[in-house]
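Enquirer: quick one: sequence plus predicted model below, questions after.
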Amino acid sequence: MNITVQPGALTGEVRAPASKSEAHRALICAAFAPGTTDLACSTTSADIDATVRCLEALGARVTRTRVGFRVRPVPGSSATDNVPSPHANATLDCGESGSTLRFMLPVACALGTGASLVGRGRLPERPLSPLYEELVAHGAELSPQGQMPLEVAGRLRPGRYELPGNVSSQYVSGLLLAAPLLRAPVEVVVTEPVESRPYIDLTAYVLERFGVEVTCERRMPDSGRGALAWDVCAPNGLTSPGSLEVGGDWSNAAFWFAAGALGASGVAVRGLDPRSAQGDRRILAALSLLGAHVLRSPEGAAVRPGRLRGATLDVSDCPDLVPPLAAVAACAEGTTRICGAARLRLKESDRLETVTAALRALGGSAAVTDDGLVIDGRTQLSGGTVDAANDHRIAMMAAVLAARCASPVTILGAECADKSYPRFYEDLTSLGGAWQKEA
Ligand SMILES: O=C(O)C1=C[C@@H](OP(=O)(O)O)[C@@H](O)[C@H](O)C1
Ligand SMILES: C=C(OP(=O)(O)O)C(=O)O
């Protein structure tokens, strides 16, 4: 689907969709915790649905309720023995979701009943190394990397796992989510710098809601290179909290906050926890640094335009904020340097290239550096055609940039927003955005 968004400021208030990062983690824990878990999760998305599909293929029963999901665990996850016995050799369809693949792979290895992981789009090309090698070193038998289906056999052993901190935090989260299934101590040692660290903390936070203690301490190994070590010991596996709320999604709300900074009288997003474990709530601090006016509330926040000026932004802990931040930087006076973003090359698209291409297509000025972007701001952009490159965050970035364009913005492949935010264009309309589908 190609759409054209008319120039014009957005204004008003929307409710944030449910956090996809929290939903993946809560669904996986619930699928292996004895008893029924009710997850309050107001919306779903293609990525969340991919995790649901994988858990159902293993034997969990997940139903959509009025408020979210009811999860009945994989057979065998009972209060007495709690030894899951999933469907053997299940096909786990991860769709295009990197989180689903990187979380379900260690989980499938820990279950030890064989599985076949499949996926689409850019997913088969997205890296698994060195998680792959660590899994093999601990008893998993995996078909060659880089091709799907990825066949899983063998059974993972507990113990000490070592990973670098600069490829994907999803590797660490996947091992932590698999650890309670092993019933013996698991230690994940991650060499610094540990990028996307808030996502690992979010995993620990959700595991703790399911009765699993996760500790983290800093180590200084003989090599002199610092490391963080996460320890999980869950001899009794997971315990369902009965019900759990999935918070609003700060990563997706960030597009509306960017629209507020680029607009006329501001945009508010409600349904966001100001104390959320999601690292992307730092969007507010970053927009303040760029000169926007931020008003926090217990329910979320509102952002109004200010005198926007360039800044240096280190995004190593919040890579998903780059598209909305780049949109604001493109309209801020002076130069913005985004650093700590090398990993953006490994997302749904090579996001350093696709953000740059999108800004240039709309008349902005941006260039890729070794670990990020340099953006020179303009007060107004021209408008034009952006290829979303099958990347939801590029489509949403282009849509909010229409606020500062002189002529319309056409987005090719705009439907990819469904990956994390199927209601995005409806919410755009409710904020006064005018758009139509192209024939
Ligand atoms: O664990 C998660 O939920 C995520 C971790 C991050 O990935 P990396 O750790 O690979 O940067 C982030 O970009 C992704 O959208 C979601
Ligand atoms: C990179 C993302 O997700 P995933 O890695 O789960 O595909 C994203 O949502 O921007």
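Expert: Sure, I can see it. Numbers count the residues shown, from 1 in each chain. Ligands and ions are numbered 1, 2, ... in the order given.
Enquirer: chain center to stretch 307-325: distance?
Expert: Relative to its chain's centre, stretch 307-325 lies at 16 Å (CA atoms, centre = their mean, to the nearest Å).
Enquirer: near ligand 1, which residues of the stretch 151-300 of the chain show up?
Expert: Neighbours of ligand 1 within the stretch 151-300 of the chain, by CB under 6 Å from any ligand atom: 168, 169, 170, 173, 196, 199. Backbone N, C-alpha and C define where each C-beta goes, glycine included.
Enquirer: helix or strand: which one has residue 385?
Expert: Assigned by DSSP states H and E, residue 385 falls within strand 384-387.
Enquirer: and what of residue 43?
Expert: For residue 43, there is no enclosing helix or strand under DSSP H and E.
Enquirer: show me the contacts for it.
Expert: Contact analysis of residue 43 by CB atoms under 8 Å, 6 or more residues apart in numbering lists 17, 18, 422, 423.
Enquirer: repeat the analysis, applying 10 Å as the threshold.
Expert: Contacts for residue 43 (CB atoms under 10 Å, 6 or more residues apart in numbering) come out as 15-20, 23, 68, 246, 248-249, 252, 271, 420-423.
Enquirer: among those residues, which are in reach of ligand 2?
Expert: Among the contacts of residue 43, proximity to ligand 2 is found for residue 420 (CB under 6 Å from any ligand atom).
Enquirer: from the contacts of residue 43, which ones fall inside strands?
Expert: Counting by DSSP state E, the members of those that fall within strands are 15, 68.
Enquirer: now the contacts of residue 43: which count as buried?
Expert: 15-20, 23, 68, 246, 248-249, 252, 271, 420-423 (16 or more other CB atoms under 10 Å).
Enquirer: in helices, which of those residues fall?
Expert: With helices taken from DSSP state H, the overlap with the buried ones among the contacts of residue 43 comprises 20, 23, 252.
Enquirer: which one of these sits closest to ligand 1?
Expert: Closest approach to ligand 1 among those (CB to the nearest ligand atom): residue 20, at 7.2 Å.
Enquirer: just to revisit the earlier point, pLDDT added to the ones in helices among the buried ones among the contacts of residue 43, as TSV?
Expert: As requested, those are exported to TSV (pLDDT from 0 to 100):
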residue	pLDDT
20	98
23	98
252	98
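Enquirer: which among the residues you listed gets closest to residue 123?
Expert: residue 20 (15.2 Å; CB to CB).
Enquirer: from the stretch 151-300 of the chain, which residue is nearest to ligand 2?
Expert: residue 170 (6.4 Å).
Enquirer: that residue sits in which helix or strand?
Expert: When elements are assigned from DSSP H and E, residue 170 belongs to helix 169-178.
Enquirer: and for residue 49?
Expert: Here residue 49, judged by DSSP H and E, is contained in helix 46-57.
Enquirer: what's in contact with the helix or strand following that helix?
Expert: The element immediately downstream of helix 46-57 (helix or strand, assigned by DSSP H and E) is strand 61-64. Contact with strand 61-64 is made by 27, 30-31, 36-37, 39, 41, 44, 49, 51-53, 55-56, 69-75, as judged by CB under 10 Å, 6+ apart.
Enquirer: the same query, at a cut-off of 7 Å, please.
Expert: 52, 55, 56, 69, 70, 71, 72 (CB atoms under 7 Å, 6 or more residues apart in numbering).
Enquirer: how about stretch 355-371?
Expert: Everything outside stretch 355-371 that qualifies as a contact, by CB under 7 Å, 6+ apart, is 322-323, 326, 330, 339-342, 352-353, 373-376, 378, 381-386, 394, 397-398, 401, 405, 409.
Enquirer: for the residue of the chain at minimum distance from ligand 2, what are its contacts?
Expert: Relative to ligand 2, the nearest point of the chain is residue 98 (2.7 Å; CB to the nearest ligand atom). Neighbour list for residue 98: 123, 126, 170 [criterion: CB under 7 Å, 6+ apart].
Enquirer: residue 336 now?
Expert: Applying CB under 7 Å, 6+ apart to residue 336 gives the contacts 310, 311, 313, 329, 375, 377.
Enquirer: mind checking how far the closest residue in space to the last one that isn't next to it in sequence is from residue 218?
Expert: So the one you mean is residue 377. The spatial neighbour of residue 377 that comes closest, neighbours along the chain excluded (CB to CB, 6 or more residues apart in numbering), is residue 332 at 4.1 Å. Taking CB to CB, to the nearest Å as the measure, residue 332 falls 36 Å from residue 218.
Enquirer: those two: who's more crowded?
Expert: A direct count of neighbours by other CB atoms under 10 Å for residue 332 and residue 218 places residue 332 higher, at 25 against 9.
Enquirer: read off the pLDDT value for that one.
Expert: At residue 332, the predicted lDDT confidence score is 98.
Enquirer: cool, residue 220 as well?
Expert: Listed pLDDT for residue 220 reads 77.
Enquirer: surely residue 11 meets residue 430?
Expert: No: Residue 11 is not in contact with residue 430 according to CB atoms under 7 Å; the separation is 10.4 Å.
Enquirer: more neighbours: these two, which one.
Expert: Neighbours per residue (other CB under 10 Å) separate residue 11 from residue 430, with residue 11 holding more: 18 against 14.
Enquirer: how near is the more buried one to residue 211?
Expert: Distance from residue 11 to residue 211, by CB to CB: 44 Å.
Enquirer: could you dump the contacts of strand 61-64 to a markdown table with pLDDT and distance to ligand 1?
Expert: Converted to a markdown table, the contacts of strand 61-64 look like this (pLDDT from 0 to 100; distance: CB to the nearest ligand atom, whole Å):
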| residue | pLDDT | distance to ligand 1 |
| --- | --- | --- |
| 52 | 98 | 15 |
| 55 | 98 | 16 |
| 56 | 98 | 20 |
| 69 | 98 | 17 |
| 70 | 98 | 23 |
| 71 | 98 | 18 |
| 72 | 97 | 24 |
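Enquirer: export the residues you listed to CSV and tack on neighbour count?
Expert: Converted to CSV, the contacts of strand 61-64 look like this (neighbours: other CB atoms under 10 Å):
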residue, neighbour count
52, 22
55, 27
56, 18
69, 23
70, 16
71, 28
72, 16
